[in-house]
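Novice: build the 3D model from these lines:
(2 chains)
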Protein chains: 2
Amino acid sequence: MSTNHTEQAADHDDDFDRWYVDVVRNAELADDAPVRGCKVIRPYGFRLWELMTARLDERIKATGAENAYFPLFIPRHLLEREAEHIAGFAPEVAWVTRGGGHELDEPWAVRPSSESIICPSFARWVQSYRDLPIVINQWGNAVRWEERPRAFLRTLEFLWQEGHTCHASADEADQRARQMLEVYRAFLEEDLAIPVIPGLKTESEKFAGALRTHTVEAMMGGKFWALQAGTSHDLGDHFGRVFGIQFLDRDGERKFACNTSFGLSTRTVGAVIMVHGDPGGGLKLPPRVAPIQVVVVPIWRSPAELAAVAAAVARIAERLAPVARLHVDWRDDRTPGFKFNEWELKGVPLRLEVGPRDVAADQAILVRRDTREKTPVPVATLASTIETLLTDIQTAMFAAAKHTLDTHTAPVASYADLAARAAANAGFSLAHWCGDPACETRVKTETKATIRCIPRNLPKEPGQCIVCGKQSDQRVIFARAY
Amino acid sequence: MSTNHTEQAADHDDDFDRWYVDVVRNAELADDAPVRGCKVIRPYGFRLWELMTARLDERIKATGAENAYFPLFIPRHLLEREAEHIAGFAPEVAWVTRGGGHELDEPWAVRPSSESIICPSFARWVQSYRDLPIVINQWGNAVRWEERPRAFLRTLEFLWQEGHTCHASADEADQRARQMLEVYRAFLEEDLAIPVIPGLKTESEKFAGALRTHTVEAMMGGKFWALQAGTSHDLGDHFGRVFGIQFLDRDGERKFACNTSFGLSTRTVGAVIMVHGDPGGGLKLPPRVAPIQVVVVPIWRSPAELAAVAAAVARIAERLAPVARLHVDWRDDRTPGFKFNEWELKGVPLRLEVGPRDVAADQAILVRRDTREKTPVPVATLASTIETLLTDIQTAMFAAAKHTLDTHTAPVASYADLAARAAANAGFSLAHWCGDPACETRVKTETKATIRCIPRNLPKEPGQCIVCGKQSDQRVIFARAY
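Specialist: Next up, the predicted model:
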């Protein structure tokens, strides 16, 4: 996560922004909190995050990382040690100045990111090349000042994982930074059904203190703006030098270690909402991380009908428990129609309606959230049908999001085109850029579009910078961003 | 967790304290941090906590609780709203006074506990009896000032779960507080093999703002001091009234809701170390939460031996993977003897030695950490033997800890006896107490022993207060505590 994710906060709300706020509130994902800049993550929203983190944690551990925990507080002198790092973070820091009944000699930062509290431990633990690599991950909270919060997308406190690694060579650190970006790509595309464009941040957009920052950029629905969904930083030996992380190498020489760090936060919950949601309708959750994959709505009028339906639902629930996260909505103070709406709003991928006529026919009515398709399914084949459908829906949701990304990404040949696309919320623009930060700044100032990344998978191609006309060998992605 | 857990911090270290510090460092559970009062939880220690939290999370969810997340920061006016609550916590609070480049109008507390940031949300969410109960749990960090940290036991920042619930009646809150104490008892006894004494805290030892505090008290090894391992608070309507959590009941009347809260923290990792460790030796971890349940130490001299041993170990690992968390120690710069010591120190329940002679005999040498018993086991029966042994070790560790608790708990008939037992580190003393805080304070001042709890399972019995001689109908537990 870079330090400049709040850059676009000054725009006025439009319909899509209002839809986002409404869906977050109405689906009970998050709520306002009585402390400025912060939000409450409600059980339904937190369960989504919990299922996301379980998947991501598994992927991170599969690369050999181990979880650990470092202090929340960073004494000022440590945060200040890496000059670019503190320059990037200083304006966003919350400071503890009093504790245990007295003023502190030195203020403590509430971690905006943990490099400067973890590197001193690396310096203690690393003596020889045999102690390397160290590959650590931490799940926790972090704080970056925010006056205009938006649930999940921009909050003063956010939850995230931050990985921190230490290596014997620059090459190994480079490989690790790329490897973790690939973990994010796979997680976003396979688990969240969010297609992303992997690439490199420009110098002005990279992480404060990094040699280079890799990013995965996603396209949101509604306004087709970008959201930086995860970043992986090759820190070179910048932190190794200032924190004195030195080791005796195989060749008998003392060397500085190289580091990486990488993070993915609760912002990604915002991405899930904005990529898949129905503007005008509600949430659509990808089955792999949906807190409820199948909601069963029993329908009855008389006590006799209730008894028959209850018995059928019990049988169905037993069959489905091994294949899906199931919830049966037995509320007796809500009509079936109200429940249908509510669970649609909450983005549950599949709904099963079970009424007296279904019981008689030994079937249930299955409704897909994404297509709204409605099919009667015999109870006998329900489990296998649902198992298949959950996979199909996951695939279809990725395909739909990929279609949005592809159809709203286009090359531009002139600065006027770029400005027009940015003003019209037309999506991502692929434009030649000479590499000069002055050209980048001009675009940002005039159009509010920023360079999201230098895409990794786009072939080199000669051209002229869209701003100054100088030579360029690569198109980059310009877009407005959350 | 009560606010007075640091009360006994002023004693000098003895052998057991030094053993604790050494084992935490040498087993790489935790390390010093470059910020006062805090520690770093290293991967091996964090994995232990992770396995503990997975078990406890499952138990808490089984009672119907859902996880959620509330802000880290609490504006001062909210923390001050419940008078006893702030009186208890004020001396321990860390305050954020600057953020985003300016002084705050009102300082923010870094949560010492979350009642006062969660209750305003309860007040928003609760309108009718139909909105109740709310049963929420939160995993996160909290901060209470600490000048003399000890890894896990006392750190300025700690990790924990804190449950917060909201109910329509005092009776339901009372039931919930007791139910959660039972969850802690089962978790501690069944998952951590730590026997506990459930009971009630006295007025002077209860949670700041609570109606009553239930606690589970455990006996540590070494000095046989107590450790408060988990607490569950019935908050009555104290918080409901000051935070205005009101609802329309079935009977048409507006009423204040009742609350509970309950917490268990990383202190419990300290309990695992101190209950099961070998003073003089190393850690002993209960199999259910041991990061590594079986460590395989291959033994070879020549490349030919290595090849044969590697093939055998691969077969063994494949068989054992489904029944145990396994680690194979392939390091080639350490002798087998060094490895045996290291994994013993790290408390791994079972060690498997596989050398050329074992390969020839199609067996492995199995060594129990708790009894040091060494047995050759045929490869064919290894998986079932290990599965059984892991259960046996868990049971044996509980029995050993229960034996320690039972043999170091005794009734006392006089104040002199009580004082002598406290001075001699003799364990828990069951003594009559009249209920007067003055008598409690005198014992604490003169002997450093505190009332750990009024035990739930001890039958009432008439007697005289050990301090003042007045009538008493119940013995309580006095002990020194961490």
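
Novice: what is the neighbour count of the residue lying closest to A:Ala481 once chain neighbours are set aside?
Specialist: Setting aside the residues directly before and after it, A:Ala481 is nearest to A:Ala226 in space (Cβ to Cβ, 6 or more residues apart in numbering or on different chains), at 4.2 Å. Where you see a C-beta, it was placed from the backbone N, CA and C, and this is true even at glycine. Look at A:Ala226: counted by other Cβ atoms under 10 Å in any protein chain shown, it has 24 neighbours.

Novice: and what of A:Ala312?
Specialist: There are 22 residues near A:Ala312, going by other Cβ under 10 Å.

Novice: right, and the residue nearest to A:Ala481 touches A:Tyr482 too?
Specialist: Yes - if you go by Cβ atoms under 8 Å, A:Ala226 and A:Tyr482 touch, sitting 7.4 Å apart.

Novice: name the residues contacting each of these two.
Specialist: Common neighbours of A:Ala226 and A:Tyr482 (criterion: Cβ atoms under 8 Å, 6 or more residues apart in numbering or on different chains): A:Met220.

Novice: re the thing from before, what pairs with the residue nearest to A:Ala481 across the strands?
Specialist: Note on A:Ala226: beta-bridge partners by DSSP bridges are A:Met219, A:Ala481.

Novice: so who does A:Asp191 touch?
Specialist: Contacts of A:Asp191 (Cβ under 8 Å, 6+ apart): A:52, A:55-56, A:286, A:288-289.

Novice: from chain B, how far off is it?
Specialist: Look at A:Asp191 and chain B: by Cβ to the nearest Cβ, to the nearest Å, they are 19 Å apart.

Novice: please name the nearest non-neighbouring residue to A:Gly282.
Specialist: Nearest non-adjacent residue to A:Gly282, counting by Cβ to Cβ, 6+ apart: A:Leu345, 3.5 Å away.

Novice: list the contacts for the one you found?
Specialist: A:23, A:26-27, A:281-283.

Novice: what's the spacing between the residue nearest to A:Thr409 when sequence neighbours are not counted and B:Gly280?
Specialist: Excluding the flanking residues, the one nearest A:Thr409 by Cβ to Cβ, 6+ apart is A:Phe428, at 4.2 Å. Distance, A:Phe428 to B:Gly280, using Cβ to Cβ, to the nearest Å: 65 Å.

Novice: neighbour count winner among the two?
Specialist: Higher neighbour count among A:Phe428 and B:Gly280: A:Phe428, with 25 against 8, using other Cβ under 10 Å.

Novice: how about the helices in the stretch 201-350 of chain A?
Specialist: A:238-243, A:267-276, A:303-320, A:336-345 (DSSP state H, counting those that start in this stretch).

Novice: buried residues in the last one, which are they?
Specialist: When you say that, I think you mean helix A:336-345. Within helix A:336-345, the residues that qualify as buried are A:339-340, A:342-345, counting by 16 or more other Cβ atoms under 10 Å in any protein chain shown.

Novice: now swap in the longest one and tell me
Specialist: In terms of neighbour count (16+ other Cβ under 10 Å), helix A:303-320 has its buried residues at A:305-306, A:308-310, A:312-313, A:316, A:319-320.

Novice: of the residues you listed, closest to A:His77?
Specialist: Nearest to A:His77 among the buried residues of helix A:303-320: A:Leu320, at 57.3 Å, using Cβ to Cβ.

Novice: mind checking how far the nearest residue to the closest one once chain neighbours are set aside is from chain B?
Specialist: Spatial nearest neighbour of A:Leu320, excluding adjacent residues (Cβ to Cβ, 6+ apart): A:Leu326 at 5.2 Å. Note on A:Leu326: its distance to chain B, by Cβ to the nearest Cβ, is 15 Å.

Novice: what is the neighbour count of A:Leu326?
Specialist: Around A:Leu326 there are 20 residues (other Cβ under 10 Å).

Novice: got the contact list for the residue nearest to A:Ala481?
Specialist: Going by Cβ under 8 Å, 6+ apart, the list of residues near A:Ala226 reads A:217-220, A:428, A:452, A:477, A:479-482.

Novice: could you rerun that using 6 Å?
Specialist: Residues in contact with A:Ala226 (Cβ atoms under 6 Å, 6 or more residues apart in numbering or on different chains) are A:217, A:452, A:479, A:481.

Novice: so for A:Thr3, what's the pLDDT?
Specialist: The score at A:Thr3 is 41. That number is its pLDDT.

Novice: next one: the one 5 residues further on
Specialist: The predicted local confidence for A:Gln8 comes out at a pLDDT of 41.

Novice: likewise A:Ala90?
Specialist: 89.
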